[in-house]
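Asks: From the sequence below, what's the structure:
(one chain, ligands or ions: 1)
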Amino acid sequence: MPEQLDFTGQVAVITGAGGGVGRAYALDLARRGAKIVVNDLGGATDGTGGSDAMANRVCEEIRALDAEAVPNTDSVATPEGGAAIVQTALDRFGRIDILISNAGILRDKTFAKLEWTNLDAVLDVHLRAAFYVGQPAFRAMKEAGNGGKIMLTTSASGLFGNFGQSNYTAAKLGLVGLMRTLSLEGARNNIQVNAVAPVASTRLTGGETDSGPRAPSRVSPLVTALCHPSCTISGETFMAGDNWYTRVFVGQAEGWAADENLAVTAEDIADHWDTIRDPSKFTEPPHALVSMATLERLRDAESPSN
Ligand code: NAD
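Replies: Okay, here's the model as predicted:
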């Protein structure tokens, strides 16, 4: 039996925790001793409306587990809302160790029909919210000096593209870029940052279920494991759900390194598409400054001294 991952003394802020996978994260962490800020606007799946019923209901479920929780209904979609969500943790529990930025909405439209209101609403709740909630959380973790964990929520749609979701996919892949940079900036303060692409039956995907492999509770184990203080993984993206857990990464093919003295033309490129695109030999640069390392290696291998 692996050792139980205990969260006693830890404080977690989870946005959009009034239902779906956010609720599953909240229940799993609470069951393991964490104190939870259950944030949820309580609106419709397109982000309209609002109510405190969802956040309150999950807080009651957590209290029934003999754990502590406080509801919060601020919107993640504004800087003021983001600050108030994090402040709730500091006021009520005196600290923040974990942020799971999870709240989400959908405004699907094909690109040709997309209206700017549907672009703004989706960018605000998914991408900008990670800044609005993430920055005060990051600052509080840095100031406290205890390290911390930040989870951002991406999507298979963002990672791989999906018809009719230009606004959502752009926001979701933007979150991966943010996660990579936050992971680099957080390292010196022992703050680990990762992204999860959940796969679960929720009201956002057509109907919530509490059982079977598509239950949100099959996503939460991966997030719980990443958020435990003993976990050192950072800067990575995972898909989780349907009882399948897998890392998704950006790889760089070895490509075609032309002779340095060749004035490369479009015809040369057209002649080398197979080599340029061949994914069989790839590397995974840890950050942008080493994204030319493969070229240096290829040039070194070519140099007459070798
Ligand atoms: P869900 O609708 O059950 O949960 C999202 C929650 O966010 C809702 O409870 C909603 O009230 C809340 N919310 C919306 N706008 C908010 C705002 N402005 N402020 C605070 N709370 C707000 O759906 P879910 O499937 O559990 O989605 C959770 C996250 O997972 C989302 O980011 C979604 O894009 C992502 N995701 C889910 C799946 C899936 O298969 N379920 C797939 C890919 C990505």
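Asks: Residue 229 is in contact with residue 147, isn't it?
Replies: Yes - between residue 229 and residue 147 there is a contact at 7.3 Å, judged by Cβ atoms under 8 Å. Just so you know, the C-beta spots here come from the backbone N, C-alpha and C atoms, and that holds for glycine as well.
Asks: list residues touching both of the two?
Replies: Both residue 229 and residue 147 are contacted by residue 97, under the criterion Cβ atoms under 8 Å, 6 or more residues apart in numbering.
Asks: more crowded one of the two?
Replies: Under the criterion of other Cβ atoms under 10 Å, the comparison of residue 229 against residue 147 puts residue 229 first, with 18 against 14.
Asks: tell me the contacts of that one?
Replies: Per Cβ under 8 Å, 6+ apart, neighbours of residue 229: 10, 97, 147, 149.
Asks: Sticking with it, tell me its helix or strand.
Replies: In the assignment (DSSP states H and E), residue 229 maps to no helix and no strand.
Asks: Equivalent analysis for the one 10 residues further on, please.
Replies: Counting by DSSP H and E, the secondary-structure element that holds residue 239 is strand 237-241.
Asks: and if you look at residue 89?
Replies: Assigning secondary structure by DSSP H and E places residue 89 in helix 79-93.
Asks: Provide the backbone phi and psi angles at residue 199.
Replies: Backbone torsions for residue 199, taken as degrees, to the nearest 10, come to phi -130, psi 110.
Asks: please renumber so the chain begins at 7
Replies: Right, with 7 as the first residue, what we last looked at is residue 205.
Asks: Chain neighbours aside, what residue packs nearest to it?
Replies: Nearest residue to residue 205, sequence neighbours excluded (Cβ to Cβ, 6 or more residues apart in numbering): residue 247, at 2.9 Å.
Asks: Tell me the spacing between the one you found and residue 222.
Replies: Separation of residue 247 from residue 222 (Cβ to Cβ, to the nearest Å) stands at 8 Å.
Asks: shared neighbours, the two?
Replies: 204, 206.
Asks: quick revisit: same for the strand holding residue 245, what does it pack against?
Replies: Counting contacts by 3 or more Cβ pairs under 8 Å, 6 or more residues apart in numbering; DSSP states H and E, strand 243-247 packs against helix 162-166, strand 197-205, helix 226-233, strand 250-254.
Asks: try 10 Å
Replies: helix 162-166, helix 172-192, strand 197-205, helix 226-233, strand 250-254 (3 or more Cβ pairs under 10 Å, 6 or more residues apart in numbering; DSSP states H and E).
Asks: anything in the fourth one sitting right up against the ligand?
Replies: Just to be clear, that refers to helix 226-233. No - with Cβ under 6 Å from any ligand atom as the measure, helix 226-233 is seen stopping short of the ligand, the closest distance being 10.6 Å.
Asks: Contact partners for residue 85?
Replies: 134, 135, 137, 138, 139, 141, 142 (Cβ atoms under 10 Å, 6 or more residues apart in numbering).
Asks: 8 Å instead?
Replies: By Cβ under 8 Å, 6+ apart, the contact list for residue 85 reads residue 138.
Asks: ok, and the closest non-adjacent residue to the residue of the stretch 7-156 of the chain found nearest the ligand?
Replies: Closest contact between the stretch 7-156 of the chain and the ligand, by Cβ to the nearest ligand atom, is at residue 26 (2.1 Å). Using Cβ to Cβ, 6+ apart and skipping residues adjacent in sequence, the residue nearest residue 26 is residue 208, 3.4 Å away.
Asks: Alright, I will stop here.
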